[in-house]
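S.K.: give me a model of this one.
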Amino acid sequence: MPDLEQAADRTAEQRPAAGRHFMRFTRAQRYLHAVLFTTFLGLAGTGLPLRFSESIWARGLASAVGGFGAILFFHKLCAIVLTGAFLVHVKDIFTRGVLHREKGIFWGSTSMVANWKDVKDLFGHMRWFLGLGPKPQFERYAYWEKFDYWAVFWGMLVIGFSGYAMWFAPFFAHFLPGWALNAVLVIHSEEGLLAILFIFSIHFVNTHLRPDSFPMDMVVFTGVESEEEFKHKRTLEYERLASQGKLEARLGEAPQTWQINFSKVIGFTAIFIGLTLLVLTLSAYFI
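M.R.: Just a heads-up that it's a prediction; the model follows:
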């Protein structure tokens, strides 16, 4: 009978959580996010030692991996992969929004484009923080999620272009003056540092460490969230889908135990690496 009991235990471990769950992110979107945060961590983990090459920890890391040349190689590799993922996303948006004229891509309640409601939600949130008004209710995407989304475009434009300009300086020297090539070094370094500090502080706090998600928001890993989470975090979207009779179409399968545990390992590892790099960055200034 022990074998039967072990089999029953394994079955219980694979059993989905109780209650209804709703799809928020598709598998393709989750994979794209995985590539995004993996390559960003890679860029941060290789860019910071180059930026603070005189620091003890930077020299130690370089010695462990074969020198700063090896670090630069992996930095460029992560840049190529991230650029490819970004271009895939831009192509998808262009195809859906322009060629197929899909509604909700560039405007409306399901769009990542900011609108007047986001402005009102921002000030409403501030009033709520100060105890001067009710907490605003959000649609599919909150204003800070849209800010994070468009920050990637800004980063690819500014940090990406400056990085490639340094990498292929002889080519860019044909149409950029010398002072511009000197400027891109400063721009790439400072904007990259700003992006790292933002992601490892503001983004981590907004996404995972705020009270209603602490210690981690699992939806970007599992793709689904419980009905209770859906109602609480995106009240207006839940009510809109219910009134339109489209709520059932968003039903998804509850994540199994192994999926949740695997997601926690990946998520906590990413947060740990990010916070470690944040501490090392701050220490480079003060130690």
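S.K.: helix or strand for Ala28, which one?
M.R.: In the assignment (DSSP states H and E), Ala28 maps to helix 27-51.
S.K.: what's the spacing between that helix and its chain's center?
M.R.: Centroid displacement of helix 27-51 relative to its chain, using Cα atoms, centre = their mean, to the nearest Å, is 9 Å.
S.K.: do the same with stretch 254-272
M.R.: That offset, for stretch 254-272, works out to 15 Å (Cα atoms, centre = their mean).
S.K.: may I have it exported as CSV, CA atoms only?
M.R.: In CSV, the C-alpha atoms belonging to stretch 254-272 read as follows (Å, rounded to 0.1, in the frame of the first residue of the first chain):
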residue,chain,number,x,y,z
ALA,A,254,-5.3,26.8,-12.8
PRO,A,255,-1.5,26.4,-12.4
GLN,A,256,-0.3,23.2,-11.0
THR,A,257,1.9,23.0,-8.0
TRP,A,258,5.0,22.3,-9.9
GLN,A,259,4.4,25.3,-12.1
ILE,A,260,4.0,27.6,-9.1
ASN,A,261,7.1,26.2,-7.5
PHE,A,262,9.1,26.5,-10.6
SER,A,263,7.9,30.1,-11.2
LYS,A,264,8.8,31.0,-7.6
VAL,A,265,12.4,29.7,-8.1
ILE,A,266,12.8,31.7,-11.3
GLY,A,267,11.2,34.8,-9.9
PHE,A,268,13.0,34.9,-6.6
THR,A,269,16.3,34.1,-8.3
ALA,A,270,15.7,37.1,-10.6
ILE,A,271,14.8,39.4,-7.7
PHE,A,272,17.8,38.2,-5.7
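S.K.: give the buried residues for it.
M.R.: Within stretch 254-272, the residues that qualify as buried are Ala254, Pro255, Gln259, Ile260, Ser263, Gly267, Ala270, Ile271, counting by 16 or more other Cβ atoms under 10 Å. No exception for glycine: its C-beta is placed from N, CA and C like everyone else's.
S.K.: and stretch 96-111, end to end?
M.R.: 12 Å (Cα to Cα, to the nearest Å).
S.K.: could you give me the average pLDDT of it?
M.R.: Taken as a whole, stretch 96-111 carries a mean pLDDT of 91.
S.K.: just the buried positions in that stretch, please.
M.R.: Result for stretch 96-111 [16+ other Cβ under 10 Å]: buried residues Gly97, Ile105, Ser111.
S.K.: so which residues make contact with that stretch?
M.R.: Ile93, Val113, Asn115, Glu139, Arg140, Tyr141, Leu236, Glu237, Arg240 (Cβ atoms under 8 Å, 6 or more residues apart in numbering).
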